[in-house]
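Novice: Build me a model:
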Amino acid sequence: MLNNVKGLKVALHNLGCKVNSYELDVMEQKLRESGSEIVPFDSEADVYIINTCTVTNIADRKSRQMLHKARKENPQAVVVAVGCYVETGLDGVKKDECIDLAIGNNKKSQIAEILDEFLAIRNEKPDNTMGGTTIIDINKPCPYEEMSLTTLPEHTRAYIKVQDGCNQFCTYCVIPYARGRVRSRDEEDVLKEITNLAAKGCKEVVITGIHVGSYGIDKGEPALIALLEKINDIEGIERIRMGSIEPRLITRENVERLLKIKKLCPHFHLSLQSGCNSVLKRMNRHYTAEEFMESVKLLRMAFDRPAITTDVIVGFPGETDEEFEECRSFVEEVAFYEMHVFKYSPRKGTVAAGMKDQLTDRQKSARSDVLLDLTRVQSECYRKSFVGEELDVLWEDMEKHGGRNYMIGHTDRYVRVAACEGSEAFEGAGSGEVTRVVPTGFLNGETLLV
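Specialist: Residues are numbered from 1 along each chain as shown. Next up, the predicted model:
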């Protein structure tokens, strides 16, 4: 019995990626099961837990800001820093008087027990204001930390974490140091979690991880597609969506296997980072622009208008005007459904941070604007291609626009669709239901309207 956490008001806040979001959902679930009351972050709580991010310097700063905000909300509360910022900035975490307790990435599933033990010590020695840290060295071999959702955080969709860690060591990235080496979850545990969530109404699962495509390599061989094939057989699951993958996964043989997975959404987030080979080489990415394009062509030959999305970094050290133009021309040729554009941010401890010819913020912003303008045009063009066609939409939530209610959902390609209250489509659009509709135009630039 965890008596010290029972009855406590606990506020949680997440920063960063979908993996972090999944882990926060599990932490919240653990605390509820232990008798804690979960309250909004902007209310007065007994404990504030911030699931931190360290992917950029800005992420570090946001993590610190949220920790300090928690202290201001209630100076008497226990403030807990969890996750990636703890792993990479431990010296600073230990010196930060706003932080009472620091917990690393491989201890999140034990949040309730760790917090309970901390409170027990604090209650015995109330004058002891010094906190503690609970981390392990994840840069040494360590097992996958098993955690599982038993309740649905959303009405229809669940993110499922299947692996942790990364072995790539891109020159700009600190994540291998924050998350450690690749560790894959047991297939049996993944299937058990999804089967349980499907029985509770989950219709769509998003398979996620720090480097999803490497699932299984620590156990002998890549096993992501084999896992997807087994998820496809789970009753109640109607859609399987993959998280970010590298283009090397998209071979002719693998595409043939993916095509047979009938529940797989034709939505592929292929991580690009740059469309210029010389920049890719400086980034230590393990493919060329030509290889990336070949992966795109394979997908488009196999699937009808697959939604292909990506990430691009602009302003990488030494990126010349010519290299940026090569990248811009490449992404224009690919014609992505969506691009997430990031301005390069130096991370202490990475190879790229010490490279010569760092670009100015003005240069990075100008290049970012160019690609953002391009992706707006490409995204609208892609969405327009579905106007007037029958589409299956998984309805999720109600939203209000211009004083009117709309039911919002997504197609299997993750195109957002809205049905207006009073319309025939709205009447059949219950949350968690999949119905077939025909969009006739746009609610706004990013949402089709039926």
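
Novice: what helices or strands is the lengthiest helix in the chain leaning on?
Specialist: As assigned by DSSP state H, the longest helix anywhere in the chain is helix 361-384. Using 3 or more Cβ pairs under 8 Å, 6 or more residues apart in numbering; DSSP states H and E, the elements in contact with helix 361-384 are strand 307-314, helix 321-334, strand 338-343. All C-beta spots, glycine's among them, are computed from the backbone N, C-alpha and C.

Novice: pLDDT below threshold where in this structure?
Specialist: The chain contains residues with pLDDT under 70 at 1, 125-141, 155.

Novice: re the thing from before, give the buried residues for the next helix or strand after the longest helix of the chain.
Specialist: Downstream of helix 361-384, the next assigned helix or strand under DSSP states H and E is strand 391-401. By neighbour count on 16 or more other Cβ atoms under 10 Å, the buried set for strand 391-401 is 391, 393-396.

Novice: same thing with stretch 376-389?
Specialist: By neighbour count on 16+ other Cβ under 10 Å, the buried set for stretch 376-389 is 378-379, 382-383, 386.

Novice: before we move on, the earlier item: using TSV, lay out the helices and strands packed on helix 361-384 together with distance to K161.
Specialist: Output for the helices and strands packed on helix 361-384, formatted as TSV (distance: least, Cβ to Cβ, whole Å):
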stretch	distance to K161
strand 307-314	19
helix 321-334	29
strand 338-343	20
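
Novice: quick revisit: a markdown table please, covering the buried residues of stretch 376-389 and showing distance to M301.
Specialist: Formatted as a markdown table, the buried residues of stretch 376-389 follow (distance: Cβ to Cβ, whole Å):
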| residue | distance to M301 |
| --- | --- |
| Q378 | 20 |
| S379 | 22 |
| Y382 | 18 |
| R383 | 22 |
| F386 | 20 |
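
Novice: how about TSV for the helices and strands packed on helix 361-384, with mean neighbour count added?
Specialist: Formatted as TSV, the helices and strands packed on helix 361-384 follow (neighbours: other Cβ atoms under 10 Å):
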stretch	mean neighbour count
strand 307-314	22
helix 321-334	17
strand 338-343	18
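
Novice: The ones you listed: which one's closest to K95?
Specialist: strand 338-343 (29.0 Å; Cβ to Cβ).

Novice: tell me the angle of the longest helix of the chain relative to strand 307-314?
Specialist: Relative orientation of helix 361-384 and strand 307-314, computed by axes from the mean of the first three to the mean of the last three Cα atoms, to 10 degrees: 170 degrees.

Novice: Mind listing residues that contact helix 361-384?
Specialist: 305, 307, 312, 314-315, 319, 324, 328, 331-332, 335-339, 341-344, 415, 442, 445-446, 448 (Cβ atoms under 8 Å, 6 or more residues apart in numbering).

Novice: what do you get if the cut-off is 7 Å, keeping everything else the same?
Specialist: Contact with helix 361-384 is made by 312, 314-315, 324, 328, 331-332, 335-339, 341, 343-344, 415, 445, 448, as judged by Cβ atoms under 7 Å, 6 or more residues apart in numbering.

Novice: Could you do stretch 395-411 as well?
Specialist: Identification of contacts with stretch 395-411 by Cβ under 7 Å, 6+ apart yields 155-156, 391-394, 416-421, 426, 429-431, 433, 443.

Novice: The same query, at a cut-off of 6 Å, please.
Specialist: Identification of contacts with stretch 395-411 by Cβ atoms under 6 Å, 6 or more residues apart in numbering yields 156, 391, 393-394, 416-421, 426, 429, 431, 433.

Novice: Please tell me how far the closest residue to A353 other than its chain neighbours sits from V450.
Specialist: Closest residue in space to A353, ignoring its immediate chain neighbours: P346 at 4.1 Å, by Cβ to Cβ, 6 or more residues apart in numbering. Between P346 and V450 the distance is 46 Å, computed by Cβ to Cβ, to the nearest Å.

Novice: The two: who's more crowded?
Specialist: V450 (24 against 15; other Cβ atoms under 10 Å).

Novice: Quick one: end-to-end length of stretch 439-450, please.
Specialist: Using Cα to Cα, to the nearest Å, the end-to-end distance of stretch 439-450 comes out at 4 Å.

Novice: so how far is it off the chain centroid?
Specialist: Put simply, stretch 439-450 sits 26 Å off its chain's centre (Cα atoms, centre = their mean, to the nearest Å).

Novice: Name the residues of that stretch that come out as buried.
Specialist: Neighbour-count burial for stretch 439-450, with 16+ other Cβ under 10 Å as criterion, is recorded at 439, 443, 447-450.

Novice: Those residues: which two are farthest apart?
Specialist: T447 and V450 (10.2 Å).

Novice: quick one on the thing from earlier: mind checking what secondary structure the residue nearest to A353 has?
Specialist: coil (DSSP: H, G, I helix; E, B strand; the rest coil).

Novice: ok, how many other residues are close to K108?
Specialist: Residues near K108, counting by other Cβ under 10 Å, number 22.
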